[in-house]
Structure formats: structure tokens, C-alpha cells
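# okay, predicted coordinates and the sequence, questions at the end:
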Amino acid sequence: MIYPLLVCAILILATFSVAYYLKLNLEKDIIIGFIRALVQVIILSFIILKLFQLSNFFTFIALIIMAFFGTLTAYPHGKFLKKSFFITMLSIYTSSFSILLIMIVAKAIDNKAQIVLPLGGMVIGNAMNSVSLAFDRLKGELKDKKLLIETMLSLGLPGKYAFNKIKKPCVKVAMLPKINNMKSLGLVWIPGLMAGMILGGANPVKAAIYQVIIITMIVVSSFVASLIVVEISKYQVFNKFEQLNIKII
Amino acid sequence: MLLQVSNITFKYNENIILNNINLSVNKGDIIVIIGESGSGKSTFLKLLNALIPPTKGKIFFNGKDIYSYNPSNLRKKICFIPQVPIAISENVFNEFKIINPEIKKEDVAHLLHEFKLNENILNKSMNNLSIGQQQRISILRGIINKPEIILLDEPTSSLDEENIEILIEIIKKLNSKFQISFIVVTHNLKFGNIIANRKYLLKKGSLQNF
């Protein structure tokens, strides 16, 4: 059990060293990310069976806590905006909980903790990543297209119009990994949940359908999350006199 | 008085860029502000176009604080032409259409012709034109809003002598035909001398008579 972990630790250290050598400023995130992942999944392994027996109410509470940690992880990417925590929270909670609710109400998934919790985790995690990517791209677009935005504003075009020029790439970048995953499902990658279900004795076709359900939930929630981030950020990028908020640039 | 700049100060990260600037502009004035790179000339124009807020002081347009106007309406009347012409659309006609959705191709063609541009560029991307043509479109794009003041930021910086001549003609024509006032910032003294009614020097954040 310890040996594979040692191999992983060596690989992470090698990645850390290269990142340090290339001055990528990723070293801290790599090390902290690895330690956090290790500690978090070990704790989870002790309590997962108990979590799967939770009532609906406590399942809901667990999802709220998970989405809160997702918010804590993603919001620093939007720190160039004043209300990034609020924007992140709104987009992760709205996107994840609405898709879960739709799927439960439509009876597309079972309303059981052992189903809702892992699915919710995947949906929240992916929404968190989409939010981070959308924020990062938005920051880059604002820097790269500052002159274009200023030109449009200076001609009397509204900030909303100028913002549309940078909105599309933000949503596209946030969605790209999900769309690639959807396109290559079963061809390039064999998803963990599907493999796990089959190994656990489930019918492979049933496992495949479940995987399609999951990827659909991920794509929809990620799309909603990135769209909310971009749309709400618009109100932070310009002040009420349609001036670029100069703290952003 | 068309525009009055009253005790404008602008600080960036606690550095004073512009210090207590005062300026009056009347209808038909062509004011040239000379200054070296980094002297705050562009910042000054952005303040007048309300693209950035001043740290202190007020700017009045037709007797009213510029911040009492709707920002889009104000910017249409005090038009800022940045140093680098930037395409805001995929072709020249749409550069105008975005600003005035009712404008027709014939109107734009006529405008181009009047300012020595061939109408066959209408369907071309602004990025594929020469810098002189881009500069002219950048100015003409602004005048379809019928501005009362045009703010030109280093308009000659990438132009050759021939294009500078054309630019001088355009400025004089717009000034005499439509009584448009100009505030032009430049480090090109020769160009400044030809067009100016009044000249100022911007040095160490202060505006001095020149």
C-alpha cells in the first residue's frame, strides 16, 4: 500500500522540481495539492460508507459543504474582481444544485446518498474547474483587449457591448475540457465510475448509460457555471460610468 | 465656453501624473499639447473622454459636469481617438455600422471619398489597410457621432509625411466645416505648429503656455 504512494510522491517531487526550474510559480500548488488530495481521500475512505447511509437532508448538507470547499478553491482565480467569492459561490451552487435537482425530479438518477453524493461531487468539482478557467481567461482577455475595450467605450458604445467581445472566449475555454471529454468518452478515456461499476458486477450497458448521465450533468453544470461567472463579472468590470475598473488591469 | 477643465489632478499608485490642470476650450479651438512620452498626455485625454476618473478636480462640458451626462452620450460628443487605431469590427463598413446602425453603405462611401479614401475598402478588414488609412477611418468613425470636440492622441506617431499632410487637411476641414474643436496631444512640434490656435507644454504633470 505504501509503495505505490512512494512512487507517486517521487513523481510529484520530479514535477515540482521541473516547475521550480522553469519558474512556473506552480510549485506550491503542486505540493499542497498532492498533500491535500492524500489527506482528504484517506479521511473520505474512513467515512464514505457512513456518508452513503445519510438521509436526504444530511446528503443535502454534505453537498452544501462540498460546494463551499469548491468555492474556496476556485475564488482566488477571480481575485482581480471585488466580489469574486460571491460570484464563485453563486455560480457553483446554482449550476450544481440546479442540475442535480432536475435529474432527481426527472427521476433520471436515484435519490440515494450513494448515488447523489458521488455524482454531486463530480458536478461540483467540474463546475469549480470551469469557474477557475473562466476567471483566468477573463483576466487575460481584459489585459490583452484593454485597447479594444477602451476604443469601443471612447466611441460611446456601451460597456455591455464591449464586454461581449471578451465574453465568448471565456466560456469557450471553460467548456473546452468538458467538450473534449464528452467527445472522447469511451475512445480516449474509460471513465473511473463506469469501470468501477463494471468491476463491481454491474451490467456494462447500465454502467455506460450512467456514464453518459454523468458527463451530461458535468457539461451542463460547467456551462451554466462559466456563463454565470462571465455574466456577473460584467458588473464588476465596469463601474456605473462605464469606465474600466482600473484595479483589474 | 465648450469645455472647462478645472484643477484636475490624477494620481496612479500615489504617483502624481497630472497636477492641478486648468484649461478652457471654445467652439472651433484647435489646442495642441506638446509633451514627451510618459508626460501624461494620453491620460489627460482619457480624463476628458471620461474613460478614467480624475483624482481631484472637475471637467465641465457645455456648463455641466461631465459626470452628470450619460457616459455614452458624453463620449459621442467628446470623441477620443486613441494613438493606435483598433478595428472593432470585421470590415470597414461595419466599423461605422456598429456606431450608427442606421448608416447606409452609400453614406460611408461618400464620407470615405470626401476624406481621400477609396470606397473599395468598405468590405476589407481595417487591419489589412495601411496605417494612414487606419488612422483616417479611426477619426471618421468618431465623427459620425457628430462630436463637438475631437481628442487626438499622438495622431502622427506612425504616419509618413504624406499622410501627415492628409491628416492636417482633415483636421482643418472638420474644424472649418463643422466647427469641431480639437485637442491634439503630440510630440511632433512641426505638426503642432501648423494646426494649433493655442499651444501648451505638458511637463512634470503641469500644463504651461508654449
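It's in.
# closest to the centroid, which residue in chain B?
residue B:151 (2.3 Å; CA atoms, centre = their mean).
# can you pull the phi/psi pair for residue A:21?
phi -60, psi -40 (degrees, to the nearest 10).
# and for it, the neighbour number?
Look at residue A:21: counted by other CB atoms under 10 Å in any protein chain shown, it has 9 neighbours. Where you see a C-beta, it was placed from the backbone N, CA and C, and this is true even at glycine.
# if I look at the residue lying closest to residue B:66 once chain neighbours are set aside, how far off is chain A?
Using CB to CB, 6 or more residues apart in numbering or on different chains and skipping the chain neighbours, the partner closest in space to residue B:66 is residue B:59 (4.8 Å). Separation of residue B:59 from chain A (CB to the nearest CB, to the nearest Å): 12 Å.
# what's across from residue B:59 in the sheet?
residue B:5 (DSSP bridges).
# that one touches residue B:48, doesn't it?
Yes - between residue B:59 and residue B:48 a contact is recorded at 6.2 Å, counting by CB atoms under 8 Å.
# which residues are in contact with each of these two?
B:3, B:5, B:66 (CB atoms under 8 Å, 6 or more residues apart in numbering or on different chains).
# count the neighbours of the last one for me.
By that I understand residue B:66. For residue B:66, using other CB under 10 Å, the count is 23.
# can you pull the contacts of it?
Residue B:66 neighbours (CB under 8 Å, 6+ apart): B:48, B:50, B:59, B:60, B:74, B:78.
# follow-up on the earlier one: specify which member of the shared contacts of residue B:59 and residue B:48 is nearest to residue A:14.
Using CB to CB, residue B:66 comes nearest to residue A:14 of those, at 58.6 Å.
# quick one: name the residues of chain A near chain B.
A:147-148, A:150-158, A:161, A:241-244, A:246 (CB under 8 Å from any CB of the partner chain).
# from those, which ones fall inside strands?
When those are checked against strands using DSSP state E, none is located there.
# which among those end up buried?
A:148, A:150-157, A:241-244 (16 or more other CB atoms under 10 Å in any protein chain shown).
# can you give me phi and psi for the residue lying farthest from the centre of chain A?
For chain A, the largest distance from the centre (CA atoms, centre = their mean) belongs to residue A:155, which lies 37.0 Å off. The phi and psi torsions at residue A:155 (degrees, to the nearest 10) take the values phi -90, psi 0.
# now it, nearest residue through space, not along the chain?
residue B:99 (5.6 Å).
# surely the one you found is in a strand?
No - going by DSSP: H, G, I helix; E, B strand; the rest coil, the assignment for residue B:99 is coil, not a strand.
# and it, what does it touch?
A:155, A:156, A:157, B:141, B:144, B:145.
# if I look at it, how far off is residue B:152?
18 Å (CB to CB, to the nearest Å).
# restricting to C-alpha, output the least confident helix or strand in chain A by mean pLDDT in CSV.
Every helix and strand in chain A was compared by mean pLDDT, DSSP states H and E; the lowest is helix A:192-199, with a mean of 78. What follows is helix A:192-199, C-alpha atoms only, in CSV (Å, rounded to 0.1, in the frame of the first residue of the first chain):
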residue,chain,number,x,y,z
GLY,A,192,-13.5,5.6,-13.4
LEU,A,193,-17.1,5.4,-12.4
MET,A,194,-18.1,3.2,-15.3
ALA,A,195,-15.0,1.0,-14.8
GLY,A,196,-15.8,0.8,-11.1
MET,A,197,-19.5,-0.2,-11.7
ILE,A,198,-18.4,-2.9,-14.2
LEU,A,199,-15.8,-4.3,-11.8
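# ok, residues contacting that helix?
A:118, A:122, A:204, A:206, A:207, A:208, A:210, A:211, A:214.
# pull out the buried positions in it.
Those would be A:194, A:197, for helix A:192-199 by 16+ other CB under 10 Å.
# show me how far it is from its chain's centre.
22 Å (CA atoms, centre = their mean, to the nearest Å).
# mean confidence score for the helix or strand just after it?
Beyond helix A:192-199 on the C-terminal side, the first helix or strand identified by DSSP states H and E is helix A:204-237. Averaged across helix A:204-237, the pLDDT comes to 92.
# can you pull the buried residues of helix A:204-237?
A:207-208, A:210-211, A:214-215, A:217-230, A:232-234, A:236-237.
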